[in-house]
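S.K.: I would like the atomic coordinates for the input below:
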Amino acid sequence: MRRWTGAFLRYAEAFGDNDPRYRLKRIHTLGVLGYMNALLKLEGLDQTQPDLANLARIAAVFHDIGRFEQLRQYGTFFDSRSVDHAALSVRILQETDMLANLDADSRRRVMEAIAWHNRLEVRLPDPQTRLVCDLLRDADRLDIFRVFATEDIQDTTAHTLQEAWDAPVADKVKSALLSGKCVNKADRQSAMDIWLTYLGFVNDFHFSAAYRLCMAAGFWRRRFDALPQADPAVVACVSHAEALLNENCRRTETDSQPDRGTSLSGV
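M.R.: Okay, the predicted model is just below:
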């Protein structure tokens with residue numbers, strides 16, 4: 001992957017470091033690639049579908065390449081205040097030669113996966129492209145939890161901690177989370193609604209390994225644990241996410257155990 005990450009870093013570093021948010025996105029991209037490598041290994045896709053696994057890695061490297069131009073032009077990472085960063089990423093890949101070494105079908109799969117990675121719902125009829133997109137969404141969200149937990153909160157949410165702590169939770173946001181859905185960004189009304197949007201990722205992980213990686217890292221709940229006094233609606237949403245993570249992690253452990261009624265000598 002050195003060639004692909006090198007091309008990305010040369011492009012990204014040309015924007016400089018005057019704004020720390022450029023650095024944030026460079027590190028995020030490498031974080032997504034790290035999580036992608038973990039998902040591919042844990043799900044066995046490196047062995048069973050190595051070519052597709054390679055496309056998933058390439059999609060991870062370039063999924064947010066539009067963020068740099070977005071920040072330069074609009075001064076924000078909020079798509080609602082600027083432009084769809086996924087569509088901008090695809091446009092930049094189309095206008096440059098960064099994917100020139102891929103055949104046409106592979107380029108199409110990578111760019112379609114990137115184009116859909118930030119949508120509320122994904123509609124991709126080609127199963128291989130959908131698999132690449134699902135992997136990208138899980139890897140991206142796993143590192144977004146890290147960014148949310150560790151980076152400057154105003155860079156990631158455009159609000160201060162106090163604004164989030166004091167903010168109410170929109171009924172539609174709470175309802176979506178407790179019913180196992182992602183949050184529709186159009187339903188958000190407050191800074192806390194933005195925080196809770198991240199919890200919606202737990203409702204939409206596609207791979208069992210994503211639950212294990214999320215639980216092991218612990219980033220998903222760090223901001224919520226720091227709340228001086230949590231709104232009951234926030235507590236309910238956090239509890240729902242924790243229960244879902246625990247359930248899926250237990251299921252994975254159970255599924256990985258041998259059937260006690262089966263003779264291992266016959267396997």
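S.K.: ok, now which ones touch the residue lying closest to Thr150 once chain neighbours are set aside?
M.R.: Leaving aside its sequence neighbours, Thr150 sits nearest to Phe219 (Cβ to Cβ, 6 or more residues apart in numbering; 7.3 Å). Just so you know, the C-beta spots here come from the backbone N, C-alpha and C atoms, and that holds for glycine as well. With contacts defined as Cβ atoms under 8 Å, 6 or more residues apart in numbering, the neighbours of Phe219 are 145-146, 148-150.
S.K.: How about Leu55?
M.R.: Under the criterion of Cβ under 8 Å, 6+ apart, the contact list for Leu55 reads 106, 109-110, 113, 132.
S.K.: just Gln154 next, same as before
M.R.: Shown in contact with Gln154 (Cβ under 8 Å, 6+ apart): Thr160.
S.K.: Quick check: it vs Phe201, distance?
M.R.: Gln154 sits at a distance of 21 Å from Phe201 (criterion: Cβ to Cβ, to the nearest Å).
S.K.: what's the pLDDT at Arg251?
M.R.: With respect to pLDDT, Arg251 has a value of 80.
S.K.: residues touching it, list them.
M.R.: Going by Cβ under 8 Å, 6+ apart, Arg251 touches Ser208.
S.K.: Report the secondary structure element holding it.
M.R.: Element membership for Arg251, per DSSP states H and E: helix 232-256.
S.K.: Apart from its neighbours in sequence, what residue is nearest Thr157?
M.R.: Closest residue in space to Thr157, ignoring its immediate chain neighbours: Ile194 at 4.8 Å, by Cβ to Cβ, 6+ apart.
S.K.: which stretches of this structure have low pLDDT?
M.R.: Scanning the chain for pLDDT under 70 picks out 252-267.
S.K.: can I assume Leu99 is in contact with Asp105?
M.R.: No - the pair formed by Leu99 and Asp105 falls short of the contact definition of Cβ atoms under 8 Å, at 11.8 Å.
S.K.: More neighbours: the two, which one.
M.R.: Taking other Cβ atoms under 10 Å, Leu99 and Asp105 do not tie; Leu99 has more neighbours (18 against 12).
S.K.: Check the secondary structure at that one for me.
M.R.: State at Leu99, reduced to three classes by DSSP: H, G, I helix; E, B strand; the rest coil: coil.
S.K.: From Met111, how far out is it?
M.R.: 8 Å.
S.K.: who touches both of the two?
M.R.: When Cβ under 8 Å, 6+ apart defines a contact, the residues bordering Leu99 and Met111 alike are Leu93.
S.K.: what about the closest residue to Cys237 other than its chain neighbours, neighbour count?
M.R.: If you skip the residues right next to it in sequence, Cys237 has Leu177 as its closest partner in space, 4.7 Å away by Cβ to Cβ, 6+ apart. As a burial measure, Leu177 scores 24 neighbours (other Cβ under 10 Å).
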